[in-house]
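**Student:** output the structure for:
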Amino acid sequence: MSDTIDYGNLMHDAMRGLIRTVLGDVARHGLPGDHHFFITFSTMHPDVEIADWLSDRFPEEMTVVMQHWFEDLHVTDEGFSVTLNFGDNPESLYIPYDAILTFVDPSVEFGLRFETQHDDEQTARDSDDGQTRAPPGDAAREAPETGPAQAAAAPERAPGDAEVVSLDSFRK
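**Tutor:** Next up, the predicted model:
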């Protein structure tokens, strides 16, 4: 047994369980009301399954929107698969929960952000040299010009919008 409790990883596991529960409910009953999701994930994760043209276009990360049109949502303990429409071209994706970087439901101002140890170390190095830089993953995301329920740029945060919770700052 370790000398410390790894609260950061325990919280990440709990937050991924929350995403699994929410997506499982959506798979069974559909999206209620105005709920919709912006899900950003690492396309470099070894278990992500997306079309080659999508991984070519989004070599590091991609944001998808689940809103008006999606089908074949299957949720497992490790991840989920879904078919989304990219410019009238349906594509199946498999996204493991470990690949998710952010999960946002703007309809209720809810958001989660997962950071890696590398992100924490880079942020610490950046602040050590006296310069302020955005941590990896905060850059604007390129998106194809498509309709709802497809890859999309992450929305700009306006006053009163959801605040993404990051628990990694509490880890040592």
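
**Student:** any idea which element Val82 lies in?
**Tutor:** According to DSSP states H and E, Val82 maps onto strand 79-85.

**Student:** okay, now the sheet partners of that strand, with direction.
**Tutor:** strand 70-75 (antiparallel), strand 90-96 (antiparallel) (DSSP bridges).

**Student:** strands along this protein, start to end?
**Tutor:** Using DSSP state E, the strands assigned to the chain run over residues 37-42, 61-66, 70-75, 79-85, 90-96, 100-105, 110-113.

**Student:** so what does the longest helix along the chain touch, helix or strand wise?
**Tutor:** For the chain, the longest helix by residue count, based on DSSP state H, is helix 7-29. Helix 7-29 is packed against strand 70-75, strand 79-85, strand 100-105, strand 110-113, with contacts defined by 3 or more C-beta pairs under 8 Å, 6 or more residues apart in numbering; DSSP states H and E. Glycine gets a C-beta too; all of them are placed from N, C-alpha and C.

**Student:** buried deepest among those strands, which one?
**Tutor:** Of all these, strand 100-105 carries the top mean neighbour count, a mean of 22, counting by mean count of other C-beta atoms under 10 Å.

**Student:** average pLDDT for it?
**Tutor:** Throughout strand 100-105, pLDDT has a mean value of 96.

**Student:** what of stretch 13-24?
**Tutor:** pLDDT averaged over stretch 13-24 gives 95.

**Student:** list the contacts of it.
**Tutor:** Stretch 13-24 is contacted by residues 73, 75, 77, 80, 97-98, 100, 103, 112, 114, 167 when judged by C-beta atoms under 8 Å, 6 or more residues apart in numbering.

**Student:** please consider this matter closed, and thank you.
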